[in-house]
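Chemist: No sequence on hand, only this structure:
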């Protein structure tokens, strides 16, 4: 009875296995002794293992809670910073319309440029938070992707020329026509890629080439590592003749806050935002690069048309 009571108390913290032992009838001429069937019980203390598993579960829960708290903080701070920042930028625009001398106007333009840069960083942080939380919302409006590409590229020509860079645009194949999608997000993708390309060519200048074409993806394309379903896609290619991306870091360039730029030159959010937008559009992104010769980003967007 005492043994039974002890076994019951240990049941929650131990593992018990039973082996039934019984005798069999011996062959004629071999000595045997008849015994009653019996059980052998082995008790193994697993309380330490249970405690270790519980510690792992608690550590995992704390890590997840910490990540969620960080994401919530970033989202709230980004949102709260953007509201007064928009007010500052709006006031600067009003100020620029008043009578200013050349020196005052240059000050206003520098403040506006810095404010726009800060707003871009704030928006990137907010986009990362929304992507991680699965809450990025895309608009579905009709627009002309060819016009979008030309407008974004034209907005970068003066800056590119000042750095000694040349920009080329090619629309391949038949006219694409209008599509359904988030025009602002696609502009953001192209602008981020053009900005990165310009930075890669800052030392010696070079050529930035943007190509847009419509393609059909079939099973054979899926086998070549494209993570896409069969169907119609827009392929946006952005190529530069800059410094290229080393193989060791190529797999990390889409990680939030990862950057190889110097202090004050970038936050490491641009490509992470690009990746999030592309995936939200049910698309894919591929990178081809050779150190010292340049880089090409190929973006695939699902083509949605008005039926």
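Modeler: Received it, and whenever you're ready, just let me know what you need. Quick caveat: nothing in here was measured; it's all calculated off a predicted structure.

Chemist: can you give me the helices in the stretch 51-200 of the chain?
Modeler: Using DSSP state H, counting those that start in this stretch, the helices found in the stretch 51-200 of the chain span residues 102-132, 145-162, 183-200.

Chemist: Tell me what angle the longest one forms with helix 183-200.
Modeler: This means helix 102-132. Following axes from the mean of the first three to the mean of the last three C-alpha atoms, to 10 degrees, one obtains 110 degrees for the angle between helix 102-132 and helix 183-200.

Chemist: I'd say residue 285 and residue 275 touch.
Modeler: Yes: at 6.2 Å, residue 285 and residue 275 qualify as touching, with contact defined as C-beta atoms under 8 Å. Every residue, glycine included, has its C-beta placed from N, CA and C.

Chemist: hang on, the earlier thing: among the helices of the stretch 51-200 of the chain, which is the most enclosed?
Modeler: Among the helices of the stretch 51-200 of the chain, ranked by average contacts under mean count of other C-beta atoms under 10 Å, first place goes to helix 183-200 (a mean of 20).

Chemist: The following helix or strand past it to helix 145-162, inter-axis angle?
Modeler: Elements were assigned by DSSP states H and E; along the chain past helix 183-200, the next helix or strand is strand 206-217. In terms of direction (the same axes, to 10 degrees), strand 206-217 departs from helix 145-162 by 160 degrees.

Chemist: helices or strands up against strand 206-217?
Modeler: helix 145-162, strand 165-171, helix 183-200, strand 231-240, strand 294-302 (3 or more C-beta pairs under 8 Å, 6 or more residues apart in numbering; DSSP states H and E).

Chemist: pLDDT of the fourth one, averaged?
Modeler: Predicted confidence along strand 231-240 averages 90 (mean pLDDT).

Chemist: Quick check: neighbours of that strand in the sheet, parallel or antiparallel?
Modeler: strand 206-217 (antiparallel), strand 294-302 (antiparallel) (DSSP bridges).

Chemist: what ranges do the strands span in the stretch 1-150 of the chain?
Modeler: 14-21, 38-45, 141-143 (DSSP state E, counting those that start in this stretch).

Chemist: Go through these and find the least confident stretch.
Modeler: Of all the strands of the stretch 1-150 of the chain, strand 14-21 carries the lowest average pLDDT, namely a mean of 47.

Chemist: Against residue 184, how distant is residue 141?
Modeler: Using C-beta to C-beta, to the nearest Å, residue 141 is found at 9 Å from residue 184.

Chemist: Repeat that for residue 51.
Modeler: With C-beta to C-beta as the criterion, residue 51 and residue 184 are 53 Å apart.

Chemist: that older thread, save the strands paired with strand 231-240 as TSV, and put in distance to residue 152 and mean pLDDT too.
Modeler: Listed next are the strands paired with strand 231-240 as TSV, based on distance: least, C-beta to C-beta, whole Å; pLDDT from 0 to 100:
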stretch	distance to residue 152	mean pLDDT
strand 206-217	8	89
strand 294-302	13	91
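
Chemist: most tightly surrounded among these?
Modeler: strand 294-302 comes out most buried of the strands paired with strand 231-240 by mean count of other C-beta under 10 Å, with a mean of 21.

Chemist: got TSV for the strands paired with strand 231-240, with distance to residue 167 too?
Modeler: Putting those into TSV (distance: least, C-beta to C-beta, whole Å) gives the following:
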stretch	distance to residue 167
strand 206-217	5
strand 294-302	14
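
Chemist: Go through those strands and name the closest to residue 154.
Modeler: Of all the strands paired with strand 231-240, strand 206-217 sits nearest to residue 154, with 11.0 Å by C-beta to C-beta.

Chemist: which residues do residue 285 and residue 275 both contact?
Modeler: residue 254 (C-beta atoms under 8 Å, 6 or more residues apart in numbering).

Chemist: List the contacts of residue 182.
Modeler: 138, 139, 140, 141, 277, 281.

Chemist: Distance of the residue nearest to the third one when sequence neighbours are not counted relative to residue 90?
Modeler: Right, the one you point to is residue 140. Computed as C-beta to C-beta, 6 or more residues apart in numbering, the closest residue to residue 140 that is not its neighbour in sequence is residue 180, at 5.4 Å. Distance from residue 180 to residue 90, counting by C-beta to C-beta: 31 Å.

Chemist: Looking at these two, which one has more neighbours?
Modeler: residue 180 (16 against 11; other C-beta atoms under 10 Å).

Chemist: surely the more buried one meets residue 304?
Modeler: Yes: with contact defined as C-beta under 8 Å, residue 180 counts as touching residue 304 (3.9 Å).

Chemist: which neighbours do these two share?
Modeler: Listed contacts common to residue 180 and residue 304 are residue 140; contacts here mean C-beta under 8 Å, 6+ apart.
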